[in-house]
Structures are given as structure tokens and as C-alpha cells.
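>>> need the 3D shape of this:
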Amino acid sequence: MAVTCAILAPAGPQRSRLLGTLYKDERTPRLHSFRVLEKMVMDRLLRRDEIEAFAASLASHQKARLEDSTTVLDRAVIEHNMLATSRLYDNISFVQLAELLGIDPDKAERIASAMLIEKRLVGSIDQVDALIRFNTSSGPLALAAFDVQIEHACRTVETVASAIVKQHPHLAAPKAA
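Presented below is the predicted three-dimensional model:
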């Protein structure tokens with residue numbers, strides 16, 4: 001339940017910290033929503049099929065429509081994918097961003113400007129050229145993202161090693177001196 005609520009929360013630094021904490025919990029890989037959680041923690045773009053699979057598990061009140069006729073999940077995914085896009089591009093036109101997000105360019109600009117104003121996205125809007133410029137940073141946020149990626153690699157190695165030991169316990173037995 002906590003993972004679902006965190007995924008549906010507005011994108012930003014606070015949600016990222018919460019998702020990171022939930023991702024570190026050893027119980028979360030067993031959840032149906034783990035793939036979505038993992039992609040959000042790793043700042044990867046979410047695909048439509050992953051979103052639809054996650055949406056199928058939501059309760060009716062979590063599928064409520066907002067004032068612009070989108071759902072809470074739609075808004076969370078659009079904002080997440082916008083943040084993920086800011087990690088991939090230095091700048092992008094609103095036409096290209098809208099195509100990537102599956103919305104119209106005006107809506108992409110409105111959401112980007114709201115996220116910039118609320119400091120949930122770092123960058124600037126160039127209205128003359130109709131594009132958004134993302135400020136990339138090599139500061140603490142970049143290091144935190146790198147730490148999460150290293151932690152993910154370590155977890156994967158640990159999972160593989162555990163599977164090997166489970167299949168071949170003799171490999172983990174202490175050697176006689």
C-alpha cells in the first residue's frame with residue numbers, strides 16, 4: 001500500500017527519497033508494483049504497458065479523475081517521465097517532449113512550468129524556441145543517483161549469488177585447510 005501511494009505522489013525530491021527508502025526494503029521485490037518502483041527509483045522512462053499493468057491493481061478511489069480529466073496515475077507518470085527525460089536530455093522541444101509523454105505540447109509546457117515553479121524540476125523554458133532546457137548537475141543529486149545504481153547492481157549480484165548457492169550448496173561450503 002505504501003509503495004502504491006508513493007508511486008501516485010507528485011514527482012519531486014520528497015517522493016524520490018520515499019521511493020528510495022521503499023526500494024531498499026527487502027520485501028518490495030515480491031510486490032507486483034516492484035518494476036514500476038524500480039524504474040521510478042532509477043529515473044527510467046515508464047512504458048504504457050507497465051503503467052497499464054500497474055493501473056489494473058489500483059483501487060477505484062486511486063483511479064479518480066482530476067480537474068483536467070487525467071487520473072492521479074496519469075499525472076504521476078507524466079511528471080515522473082518528465083523528470084526521467086531531464087536526465088536524458090540537455091534540452092528538448094515541447095513537441096518532442098509531448099510525443100514522449102503522450103500528451104499535447106501545450107499541456108507538456110504547463111506541467112513543466114508548474115514543476116519548475118514548485119522546484120520539482122530544474123531548468124528553464126525558452127518560449128521563443130519552444131523548448132525546455134534542463135540544468136544537469138554533478139552535485140549531491142547525481143551522486144545519490146549513482147549510489148542507487150550501485151546499490152541496485154549489488155542487490156542483483158547478491159540475488160544471483162544466493163540463487164547459485166541454493167542450487168549448488170557445495171560451492172558455499174567452507175574449504176578444508
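>>> okay, stretch 157-169 in CSV with CA atoms only?
Extracted in CSV, the C-alpha atoms of stretch 157-169 (Å, rounded to 0.1, in the frame of the first residue of the first chain):
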residue,chain,number,x,y,z
VAL,A,157,24.8,-9.7,-7.7
GLU,A,158,23.6,-10.8,-4.2
THR,A,159,20.4,-12.3,-5.7
VAL,A,160,22.4,-14.2,-8.3
ALA,A,161,24.9,-15.4,-5.7
SER,A,162,22.0,-16.6,-3.5
ALA,A,163,20.4,-18.5,-6.4
ILE,A,164,23.7,-20.2,-7.2
VAL,A,165,24.2,-21.2,-3.5
LYS,A,166,20.7,-22.5,-3.4
GLN,A,167,21.2,-24.6,-6.5
HIS,A,168,24.7,-25.7,-5.6
PRO,A,169,25.2,-25.6,-1.8
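>>> and Arg44, what element?
When elements are defined using DSSP states H and E, Arg44 is found to belong to no helix and no strand.
>>> and the closest residue to Ile7 other than its chain neighbours, what pLDDT?
For Ile7, the nearest residue in space outside its immediate sequence neighbours is Val36; the separation is 5.9 Å by C-beta to C-beta, 6 or more residues apart in numbering. The way it works is simple: take the backbone N, C-alpha and C, and place the C-beta from them, glycine included. Reported pLDDT at Val36 in the predicted model: 93.
>>> past the host helix or strand of Val36, which element shows up next along the chain?
Assessed by DSSP H and E, Val36 sits inside helix 34-41. Using DSSP H and E, the helix or strand that follows helix 34-41 in sequence is helix 48-55.
>>> can you check what angle separates that next one from helix 34-41?
Interaxial angle of helix 48-55 relative to helix 34-41 (axes from the mean of the first three to the mean of the last three C-alpha atoms, to 10 degrees): 120 degrees.
>>> now do the buried residues in helix 48-55.
Buried residues in helix 48-55, defined by neighbour count with 16 or more other C-beta atoms under 10 Å: 50-51, 54.
>>> try stretch 57-71
Applying a neighbour-count criterion of 16+ other C-beta under 10 Å, the buried positions in stretch 57-71 are 58, 71.
>>> how distant is that stretch from the center of its chain?
The chain centroid and the centroid of stretch 57-71 are separated by 19 Å under C-alpha atoms, centre = their mean, to the nearest Å.
>>> kindly report the same for stretch 159-172.
Using C-alpha atoms, centre = their mean, the offset of stretch 159-172 from its chain centre is 31 Å.
>>> list the buried residues of the helix holding Val36.
Residues of helix 34-41 classed as buried: 36-37, 39-41 (neighbour count, 16+ other C-beta under 10 Å).
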